[in-house]
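Chemist: what's the 3D shape of this:
(one chain, ligands or ions: 1)
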Amino acid sequence: MPVLSEKSARLPESPIRKLAPLARAAEASGTRVISLNIGQPDMATPESMLEVLRTLPLKRLAYAPSEGLPECRAAWSQFFRSWDIAFAPEDVLVTAGASEAITFVLAVVAGGGGEVLVVEPCYTNYLSFAAQADVHMVPVPLRVEDAYHFGTASRIESQVTPNTKAILLCNPSNPTGTVYTEAELEAVAEVARRHDLFVICDEVYREFVFDGGQVRSFTAFSDLADRIVVVDSVSKRFNACGARIGCMATTNRQVLDVALRFCQARLSVPTAEQLMVIPMLADGRAYSEGLRGEYQARRDAVFTGLAAIPGVSPHRSEGSFYTMTRLPIDSCENFAAWILRDFSHDGETICLAPGEGFYVTEGSGVDEVRIAFMYDSVTLSRAMQVLGAAVEAYPGRRF
Ligand SMILES: Cc1ncc(COP(=O)(O)O)c(C=O)c1O
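Modeler: Okay, here's the model as predicted:
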């Protein structure tokens, strides 16, 4: 039997999806499963986007240009302008979600063995993207006690080596809900300047900041323009994860030229979906900002529910639509499986994302879980009650 590649072994299994069979089995046995594990918005996709799909003015679905349809690139440019971010249409490459953009950018700036710094816990798929691009992710460990803030430049700088090519920063953060402070962004900028690094800015949750806060796009550091690559997406802000439309944007021509070769190799991004997203990109900031209040109410429901569980000290998410929390449990991986297999509360159970998969460092996050706010506040409050009852009943609890 031929053996699979060494690279295959490096591709992690998604911690978010691997409990799916147990969740399906629980549902088949009549237990309602509240899925707290996947960050797919439950709200309807805007009508203006669906209407484009229903009335597609096409006679033939031809390949789109590899860099994206001109009108889609122009719409992204307009979208960025609504945030005072200056990217011309030529600075934008349309990609199959932010996922493809991140994979390409990692390969362009660090592929073939370069190192990229990332705070951990981090978006779990970064590890898979890095494995595909042959990039080493070097973690900057954060602590729940600091609400997952890194604070100063020294925390990041201590991980820089001669092989470091870039810092990848997700702001607001998935999975922790952290919104980095001005001083923290300045610290990232300082390290990038000092060590000649790219900064890959994943700002797919830019709109979702709570308590009246604002996120400062990293593009505000205009002296770093040539080092900054923004990755973005329609998935979360327009409730359109299935459209698979995202982009990378930079004014660095060299990065764009090489990234375009990756785009050319995969030919193009679907034409119909590029057309579909144009109306919202061109005029959608207010729409997504309008969702903030709802996500904040959900954040509050989760925070209040977690705080009521003995042994849990939640931190209050500042943005995105996730939180990460420590539970008084020996292994959240075992706990998450146990809840689905052996536990229900008034006919309901929950599906959690165990924390370990969000860490680069092996052995970290064993007593943490990530929770996504993808139900209304009432359901989320109930889900936290189910969680509290499960913590109390679990044989491996620590109090
Ligand atoms: C931080 C972050 N970046 C990128 C992505 C990928 O998004 P897309 O659907 O655009 O590929 C996600 C999806 O959950 C995410 O949370």
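Chemist: C-alpha from now on. contacts and neighbour counts both.
Modeler: Noted.
Chemist: can you tell me which residues in this structure are near the ligand?
Modeler: Counting by CA under 6 Å from any ligand atom, the chain comes close to the ligand at 39, 97-99, 123, 170, 174, 202, 233, 235, 241, 244, 246.
Chemist: between the residues you listed, which is closest to R316?
Modeler: N174 (13.6 Å; CA to CA).
Chemist: is it true that that closest one touches Y322?
Modeler: Yes - between N174 and Y322 there is a contact under CA atoms under 8 Å: 6.4 Å.
Chemist: compare those two (neighbour count), which wins?
Modeler: When neighbours are counted by other CA atoms under 10 Å, Y322 comes out ahead of the other of N174 and Y322, with 29 against 26.
Chemist: what pLDDT does the nearest residue to V92 once chain neighbours are set aside get?
Modeler: Once flanking residues are discounted, V92 sits nearest to A249: 4.4 Å by CA to CA, 6 or more residues apart in numbering. Per-residue pLDDT puts A249 at 98.
Chemist: equivalent analysis for P15, please.
Modeler: For P15, the predicted pLDDT is 69.
Chemist: got it, and R398?
Modeler: With respect to pLDDT, R398 has a value of 77.
Chemist: could you do I200 as well?
Modeler: What the model reports as pLDDT for I200 is 98.
Chemist: could you do V229 as well?
Modeler: V229 carries a pLDDT value of 98.
Chemist: you'd agree it is in a strand?
Modeler: Yes - under DSSP: H, G, I helix; E, B strand; the rest coil, V229 falls within a strand.
Chemist: quick one on the thing from earlier: quick one, which of the residues of the chain next to the ligand are buried?
Modeler: Using 16 or more other CA atoms under 10 Å as the burial test, the residues of the chain next to the ligand include 39, 97-99, 123, 170, 174, 202, 233, 235, 241, 244, 246 as buried.
Chemist: distance of the residue nearest to V92 relative to the ligand?
Modeler: 14 Å (CA to the nearest ligand atom, to the nearest Å).
Chemist: which one is the residue most central in space within the chain nearest to, not counting chain neighbours?
Modeler: By CA atoms, centre = their mean, the chain has its centre lying nearest to N174, at 4.5 Å. Nearest non-adjacent residue to N174, counting by CA to CA, 6+ apart: Y123, 5.6 Å away.
Chemist: tell me the residue of the stretch 201-350 of the chain that sits nearest the ligand?
Modeler: When scored by CA to the nearest ligand atom, the stretch 201-350 of the chain has S233 as its residue closest to the ligand, at 4.4 Å.
Chemist: so the closest residue to that residue other than its chain neighbours bridges to which residues?
Modeler: Nearest residue to S233 in three dimensions, chain neighbours excluded: G246, at 3.8 Å (CA to CA, 6+ apart). On the basis of DSSP bridges, G246 is bridged to T95, S233.
Chemist: is it true that G246 touches V92?
Modeler: No - with contact defined as CA under 8 Å, G246 does not reach V92; the gap is 9.9 Å.
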